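> Just the structure for this:
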Amino acid sequence: MKIIRKNIERDSSGTIVLYPEEPEDIWHSYNLIQEGDLVKASTIRRVQNESSTGITSQRGKLYNIHMYL
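Residues are numbered from 1 along each chain as shown. Below you'll find the predicted structure:
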């Protein structure tokens, strides 16, 4: 996991931007997040369609996710 940006105050409040590189990084993030934290994430969902002729097309759509815990 890469730390992109962090701004932590002396009272342990602040922000941190993480970039997970491995699936296991999500587990580590899970252990860092506490009740009351704001979690924001961006993800791309790729959808693959197959027509009746067998031709496949692929498209992606960017989703922004905001969760308040």
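> Residue 30 - that's part of a helix, no?
Yes. The assignment for residue 30 is a helix, going by DSSP: H, G, I helix; E, B strand; the rest coil.
> what pLDDT does it get?
For residue 30, the pLDDT comes out at 88.
> just residue 36 next, same as before
Reported pLDDT for residue 36: 84.
> got it, and residue 66?
Residue 66 carries a pLDDT value of 69.
> Can you give me every residue that contacts residue 19?
Listed by Cβ atoms under 8 Å, 6 or more residues apart in numbering, the contact partners of residue 19 are 1-4. Heads up, the C-betas are built off the backbone N, CA and C, glycines and all.
> so what's it bridging to?
residue 2 (DSSP bridges).
> Residue 10 in helix, strand or coil?
coil.
> burial measure for it, as a count.
Neighbour count of residue 10, defined by other Cβ atoms under 10 Å: 6.
> okay, it: pLDDT?
Confidence score, pLDDT, at residue 10: 92.
> Could you report the separation of residue 51 from residue 57?
8 Å (Cβ to Cβ, to the nearest Å).
> Weed out the non-buried ones from the contacts of residue 19.
Not one of the contacts of residue 19 meets the buried threshold, by 16 or more other Cβ atoms under 10 Å.
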